[in-house]
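1. Sequence unavailable; structure follows:
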DNA sequence: CTTGAGCCTGTAGTCACTACAGACATTATC
DNA sequence: GATAATGTCTGTAGTGACTACAGGCTCAAG
């Protein structure tokens, strides 16, 4: 395969390479309708263009930012609608932002407990371990401030 | 079923209620060997004791703190071993702590970008939306500092 | 004595992929 | 030009950590 750099139209492996995605993930996204089914060459190979690269990058970036597949589908619908309301996108982003902030808060609570218990631990080979005690007997920590 | 408060020995639903876990999750944990198979009463019902409550709480707390099932299995082995080395537990906790801190760092990066792009957004019904632009064309953000 | 809840089992569905098996196509090497 | 290695195609199964459901039993209440 020497067509790696031939002007327009490349194969799945090249799309994956350009975007840093997994080969199979591309097929998966097409199956669930997140990416369009690309045209096929005579040998039934998928043929991609720059537009596909852009769309896949959009999806991947959304995933990196923690949007779910369905959330990304929603964003793409706004994009595809043409007359995308910036307000709508903003609202969804802000909603997602509050989700992310809640996750951070949860993790920071966890971090605190882990750090505390690790610090209390002597590191000796004694049967009493504050970390295990913490795991066993701390009262519910998971409930504070959860939606 | 009025035996809700009968001294020793209760059913699965009561175990779930006491721990706040899902009924099916209990069975799942037993299936994968994270919880011991409890004794059965004449009618083949599972019979639990306080020890089961404690062990399930340990598991649940570990999950809340973001330990994987296998990590919890490892911690339980240390507990069950009797001669648990505190040092070993400490090491695992600290390893997990750095995982949690990495996750927090990732999320804060995401938070920043989401907040920035949402702030840039006018909220008008214009076709050009900075959030969509950001999703489409920001360079790789996911790579910095990743293990 | 029937109704309904609660428990039992195994199995399927979830999410977002990832991997594999087997068939055909293409490309590289001898 | 034969052969071997790689690449692509398809459908399907496996992952982790559950969750839900179907169908069958037991049990207590009305």
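-> Perfect, thanks for sending it. Treat the numbers as computed from the prediction; the structure is a model and nothing was measured.

2. Name the residues of chain A found near DNA strand C, please.
-> Applying Cβ under 7 Å from any atom of the strand, we find that chain A lies next to DNA strand C at A:1-3, A:22, A:24-25, A:27-28, A:42-44, A:63, A:68-70. Every C-beta, even on glycine, is put in place using the N, C-alpha and C of the backbone.

3. Mark which of those residues are buried, thanks.
-> The neighbour count (16 or more other Cβ atoms under 10 Å in any protein chain shown) marks A:25, A:63 as buried among those.

4. Which residue lies closest in space to the residue most central in space within chain A, excluding its sequence neighbours?
-> Nearest to the geometric centre of chain A sits residue A:63, at 2.6 Å (Cα atoms, centre = their mean). Leaving aside its sequence neighbours, residue A:63 sits nearest to residue A:72 (Cβ to Cβ, 6 or more residues apart in numbering or on different chains; 7.0 Å).

5. OK, contacts around the residue of chain A found nearest DNA strand D?
-> Residue nearest to DNA strand D within chain A: residue A:13 (3.0 Å; Cβ to the nearest atom of the strand). Residue A:13 is in contact with residue A:23, counting by Cβ atoms under 8 Å, 6 or more residues apart in numbering or on different chains.

6. name the element it belongs to?
-> If you go by DSSP states H and E, residue A:13 is part of helix A:12-19.

7. list the buried ones in that helix?
-> Buried residues in helix A:12-19 (16+ other Cβ under 10 Å): A:12, A:14-16, A:19.

8. Could you do stretch A:106-120 as well?
-> A:106-107, A:109-111, A:113-114, A:117-118.

9. okay if I get those residues as JSON lines plus secondary structure, pLDDT and distance to DNA strand D?
-> Compiled in JSON lines, the buried residues of stretch A:106-120 are given as follows (DSSP: H, G, I helix; E, B strand; the rest coil; pLDDT from 0 to 100; distance: Cβ to the nearest atom of the strand, whole Å):
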{"residue": "A:106", "secondary structure": "helix", "pLDDT": "78", "distance to DNA strand D": "15"}
{"residue": "A:107", "secondary structure": "helix", "pLDDT": "81", "distance to DNA strand D": "16"}
{"residue": "A:109", "secondary structure": "helix", "pLDDT": "83", "distance to DNA strand D": "18"}
{"residue": "A:110", "secondary structure": "helix", "pLDDT": "80", "distance to DNA strand D": "15"}
{"residue": "A:111", "secondary structure": "helix", "pLDDT": "85", "distance to DNA strand D": "19"}
{"residue": "A:113", "secondary structure": "helix", "pLDDT": "80", "distance to DNA strand D": "18"}
{"residue": "A:114", "secondary structure": "helix", "pLDDT": "80", "distance to DNA strand D": "17"}
{"residue": "A:117", "secondary structure": "helix", "pLDDT": "77", "distance to DNA strand D": "20"}
{"residue": "A:118", "secondary structure": "helix", "pLDDT": "81", "distance to DNA strand D": "21"}
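
10. Residue A:19: what's it in contact with?
-> Contacts of residue A:19 (Cβ under 8 Å, 6+ apart): A:53, A:56-57, A:60.

11. ok now do the residue nearest to residue A:63, which residues does it touch?
-> Residue A:72 neighbours (Cβ under 8 Å, 6+ apart): A:34, A:58-59, A:62-63.

12. Quick check, pLDDT for it.
-> With respect to pLDDT, residue A:72 scores 88.

13. Can you give me the distance of it to residue A:33?
-> Residue A:72 is 11 Å from residue A:33, where distance means Cβ to Cβ, to the nearest Å.

14. again with residue A:103
-> 27 Å.

15. Who has more neighbours out of the two?
-> With neighbours defined as other Cβ atoms under 10 Å in any protein chain shown, residue A:103 and residue A:33 compare such that residue A:103 has more, 16 against 10.

16. Is the more buried one inside a helix or a strand, and which specific one?
-> Going by DSSP H and E, residue A:103 is part of helix A:86-120.

17. and the angle for that helix with helix B:86-120?
-> 160 degrees (axes from the mean of the first three to the mean of the last three Cα atoms, to 10 degrees).

18. touching chain B at all, helix A:86-120?
-> Yes: applying Cβ under 8 Å from any Cβ of the partner chain, one finds helix A:86-120 in contact with chain B at A:86-87, A:89-90, A:93-94, A:96-97, A:100-101, A:103-104, A:107-108, A:110-111, A:113-115, A:117-118.

19. Just give me the neighbour total for residue A:102.
-> For residue A:102, the neighbour count with other Cβ under 10 Å is 13.
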